[in-house]
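Colleague: Prediction below, plus the sequence it came from.
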Protein chains: 2
Amino acid sequence: MTAIKDNNLSASLEDYLEAIFNLAGASNVARSKDIAKSLGVARSSVTGALRVLKKKGLANYRPYDYVTLTKAGQDIAAEVVRKHNIITSFFVNVLGVETDIAQQAACRAEHTLGPEVISKLLCFIGFVNKNSKNGYDLADEFKRFCKSRPQNNSFSGKQMSSTVGLDEVKPGQKCKIVRIIGRSGVNKRIADMGVVPGTILEVQRVAPLGDPIDVKLKGYRLSLRKEEASKIMVELGQSE
Amino acid sequence: MTAIKDNNLSASLEDYLEAIFNLAGASNVARSKDIAKSLGVARSSVTGALRVLKKKGLANYRPYDYVTLTKAGQDIAAEVVRKHNIITSFFVNVLGVETDIAQQAACRAEHTLGPEVISKLLCFIGFVNKNSKNGYDLADEFKRFCKSRPQNNSFSGKQMSSTVGLDEVKPGQKCKIVRIIGRSGVNKRIADMGVVPGTILEVQRVAPLGDPIDVKLKGYRLSLRKEEASKIMVELGQSE
DNA sequence: TGACAAAGTTAGGTATAACTAACTATACTA
DNA sequence: TAGTATAGTTAGTTATACCTAACTTTGTCA
């Protein structure tokens, strides 16, 4: 039970670590102003973050002094940078995403992809490179493939049933009742009026604040309160 | 200037939307308890999130009532689910990551990958599938490639110079001074004592609280305060 | 050396997103 | 139909991570 290494750094703190690591570069030193600029935050936010990093033993920080990373801080920062580079490299070299868009996406994704995915990604980049040397350039081949079918946006995975509440239907639209939600009391009242699943109805008029809503069904008119209408789930686009 | 659609949903709210969308499934209705369970949060947190989603016009919510998504909410949820599926599919089918790890990673990454990356990813999955039909199974080939070189963890992108403050060096270790940070006053004082970049020194004793630190350099001993030592950046692993 | 600008800090405030504990509404069941 | 279990809400607290405005420290230069 002796102080297990607490690796649970927030994405924000990892960003600070990475920024300091990158700024340190040649001089091993980062200045608060530059950290603030590179992360696009106020100077005072940097002060706060540095206090936390110091408390976690990742940065050497004393007020009004230069900032350096401890060994532990450097290790984490190096890992973040490594992830960042792997992800960017994949986006740019394999997927062919534009460099600055890839950079931004990588910066956001680097905190969320775990070691399994990262190592596979690294391996995959190696695979693509090796293949490219063997005469079959995968990245190139993929680029050609992309051009041949530019807009293939069909990957829904789930059949989108466009079911909405009756309170969202606009005047003039026809729809079919799919299901009625709600407690027995209200439910029964409107069921008595012929409002049951399967019924096709047409919205005729919606009052300014959406209450009440006038609908036509089975030849007669009905005025529903918005609260009731929201409980009647309907399917749009009924031609008849 | 008429109310431009505010698409800036937090990752947390997108998660709620996705959970409601998935729970709704057959019945078009989600219950607070189930949302809480599927996201692993307290029931009261769901109430709070639902209030926000209602205010943004994404969910139909009234206290003690069932929850449904508005058309707008459904659209966003469907997009999140779509992303989720694309990312998971890529992780599992192309990279060969284990399904539940891929699910978790996808769930975290789905909020951070923008449309460019997602569309490329989608396209890439199509590319891999097509290739697999043409006799060259890319995913399979990659799996074999992975096995042939299991531990290829070299992707640093940046030369890791293991430079730390002298205050982090343990007794007995030798190191070389790389750089001295700090204001002229202190800087000059220790420079006069022979502490200049390039010097190799050995840490002899560190007092209990890390202050002072006794070092040996150029044949004589020196006692440094921790504050001073932290400003002396050194490179570890000097054999001589 | 003393005034000034730049860098850094503090204080105080906001928003998000979670929690626990206590309360209230709803639904079920005898 | 009364009592109770469950679901849902409110109130109050915590932690993160940002902000602005005002203050302090530091370094430079005339």
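Modeller: Arrived safely, thanks for sending.
Colleague: next structured bit after the helix or strand bottoming out on mean pLDDT in chain A?
Modeller: Across the helices and strands of chain A, mean pLDDT, DSSP states H and E gives its lowest value to helix A:184-192, namely a mean of 61. Downstream of helix A:184-192, the first helix or strand assigned by DSSP states H and E is strand A:200-206.
Colleague: Identify each buried residue in that following strand, please.
Modeller: Buried positions in strand A:200-206, judged by neighbour count with 16 or more other C-beta atoms under 10 Å in any protein chain shown: A:200, A:201, A:203, A:206. Heads up, the C-betas are built off the backbone N, CA and C, glycines and all.
Colleague: Name the strands paired with that strand and say parallel or antiparallel.
Modeller: With DSSP bridges as the test, strand A:200-206 is paired with strand A:174-180 (antiparallel), strand A:213-217 (antiparallel).
Colleague: And the average pLDDT for it is what?
Modeller: If you average the pLDDT over strand A:200-206, you get 91.
Colleague: For it, which outside residues touch it?
Modeller: With contacts defined as C-beta atoms under 8 Å, 6 or more residues apart in numbering or on different chains, strand A:200-206 is touched by A:166, A:169-177, A:195, A:213-217, A:221, A:234, A:238, A:240.
Colleague: Mind checking which of these are buried?
Modeller: Among the contacts of strand A:200-206, the ones that count as buried by 16+ other C-beta under 10 Å are A:166, A:169, A:174, A:175, A:176, A:177, A:195, A:213, A:215, A:217, A:234.
Colleague: Not counting sequence-adjacent ones, nearest residue to the second one?
Modeller: What it means is residue A:169. residue A:203 (4.8 Å; C-beta to C-beta, 6 or more residues apart in numbering or on different chains).
Colleague: Could you check how far that neighbour is from residue A:32?
Modeller: Computed with C-beta to C-beta, to the nearest Å, the distance linking residue A:203 and residue A:32 is 60 Å.
Colleague: Ok, residue A:75 next?
Modeller: Residue A:75 sits 22 Å away from residue A:32, going by C-beta to C-beta.
Colleague: What of residue A:174?
Modeller: With distances taken as C-beta to C-beta, residue A:174 is found 63 Å from residue A:32.
Colleague: if we can go back for a sec, could the strands paired with strand A:200-206 be laid out in a markdown table, adding distance to residue A:63?
Modeller: Shown next, in a markdown table, are the strands paired with strand A:200-206 (distance: least, C-beta to C-beta, whole Å):
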| stretch | distance to residue A:63 |
| --- | --- |
| strand A:174-180 | 63 |
| strand A:213-217 | 63 |
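Colleague: For those, which has the smallest mean pLDDT value?
Modeller: strand A:174-180 (a mean of 84).
Colleague: can you tell if it touches DNA strand C?
Modeller: No - using C-beta under 7 Å from any atom of the strand, we find that strand A:174-180 stays clear of DNA strand C, coming within 13.3 Å at best.
Colleague: all strands of chain A, in order?
Modeller: Under the criterion DSSP state E, strands of chain A are mapped to A:59-60, A:68-69, A:163-165, A:174-180, A:200-206, A:213-217, A:220-224, A:232-236.
Colleague: Number of residues surrounding the residue in chain A positioned nearest to DNA strand D?
Modeller: Using C-beta to the nearest atom of the strand, residue A:10 is the residue of chain A that sits closest to DNA strand D, at 2.7 Å. Residues lying near residue A:10 (other C-beta atoms under 10 Å in any protein chain shown) number 11.
Colleague: Residue A:55 too?
Modeller: 10.
Colleague: Model confidence score at it, please.
Modeller: 96.
Colleague: how about the residues of chain A near DNA strand D?
Modeller: A:10-13, A:15, A:40-42, A:44-45, A:48-49, A:52, A:64.
Colleague: Among those residues, which lie within helices?
Modeller: A:11, A:12, A:13, A:15, A:44, A:45, A:48, A:49, A:52 (DSSP state H).
Colleague: Excluding covalently adjacent residues, which one is nearest to the fourth one?
Modeller: Nearest residue to residue A:15 in three dimensions, chain neighbours excluded: residue A:39, at 6.0 Å (C-beta to C-beta, 6+ apart).
Colleague: again, but for the first one
Modeller: Nearest residue to residue A:11, sequence neighbours excluded (C-beta to C-beta, 6+ apart): residue A:111, at 3.9 Å.
Colleague: Now do the same contact list for that neighbour.
Modeller: Contact analysis of residue A:111 by C-beta under 8 Å, 6+ apart lists A:11, A:14, A:80.
Colleague: could you flag which of those are buried?
Modeller: A:14, A:80.
Colleague: Tell me the one of the contacts of residue A:111 nearest chain B?
Modeller: residue A:11 (9.4 Å; C-beta to the nearest C-beta).
Colleague: Could you list the buried residues of stretch A:36-43?
Modeller: A:36, A:38, A:39, A:41.
Colleague: Ok, stretch A:66-76 next?
Modeller: Applying 16+ other C-beta under 10 Å to stretch A:66-76 flags A:66, A:67, A:68, A:69, A:70, A:73, A:74, A:76 as buried.
Colleague: same thing with stretch A:13-32?
Modeller: A:13-24, A:28-30, A:32.
Colleague: coming back round to it: can you pull the pLDDT of the residue nearest to residue A:11?
Modeller: In this prediction, residue A:111 has a pLDDT value of 95.
Colleague: do the same with residue A:64
Modeller: With respect to pLDDT, residue A:64 scores 93.
Colleague: residues touching it, list them.
Modeller: Per C-beta under 8 Å, 6+ apart, neighbours of residue A:64: none.
Colleague: follow-up on the earlier one: mind picking the two most distant members of the buried residues of stretch A:36-43?
Modeller: The largest separation in the buried residues of stretch A:36-43, counting by C-beta to C-beta, is between A:38 and A:41 at 9.3 Å.
Colleague: can you tell me if stretch A:130-147 touches chain B.
Modeller: Yes - contact of stretch A:130-147 with chain B is found when judged by C-beta under 8 Å from any C-beta of the partner chain, involving A:130, A:138, A:141, A:142, A:145, A:146.
Colleague: Now do that stretch, average pLDDT.
Modeller: Stretch A:130-147 comes out at a mean pLDDT of 77.
Colleague: Could you list the buried residues of that stretch?
Modeller: A:131, A:138, A:139, A:142, A:145, A:146.
Colleague: Excluding chain neighbours, give the residue nearest to the fifth one in space.
Modeller: Distances taken as C-beta to C-beta, 6+ apart place residue B:127 nearest to residue A:145, at 4.7 Å, with adjacent residues excluded.
Colleague: gap between that neighbour and residue A:135?
Modeller: Counting by C-beta to C-beta, the separation of residue B:127 from residue A:135 is 18 Å.
Colleague: ok, now residue A:21?
Modeller: Distance from residue A:21 to residue A:135, by C-beta to C-beta: 39 Å.
Colleague: Residue A:112 now?
Modeller: Taking C-beta to C-beta as the measure, residue A:112 falls 36 Å from residue A:135.
Colleague: Using the record, which stretches count as separate domains in chain A?
Modeller: Domain ranges of chain A: A:11-69, A:76-148, A:163-236, per automatic domain parsing.
Colleague: Can I get those domains in TSV including distance to residue B:58?
Modeller: Shown next, in TSV, are these (distance: least, C-beta to C-beta, whole Å):
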stretch	distance to residue B:58
domain A:11-69	25
domain A:76-148	23
domain A:163-236	12
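Colleague: among the ones you listed, which is nearest residue B:181?
Modeller: Closest approach to residue B:181 among the domains of chain A is made by domain A:11-69 (5.3 Å; C-beta to C-beta).
Colleague: What's the end-to-end length of that closest one?
Modeller: 17 Å (C-alpha to C-alpha, to the nearest Å).
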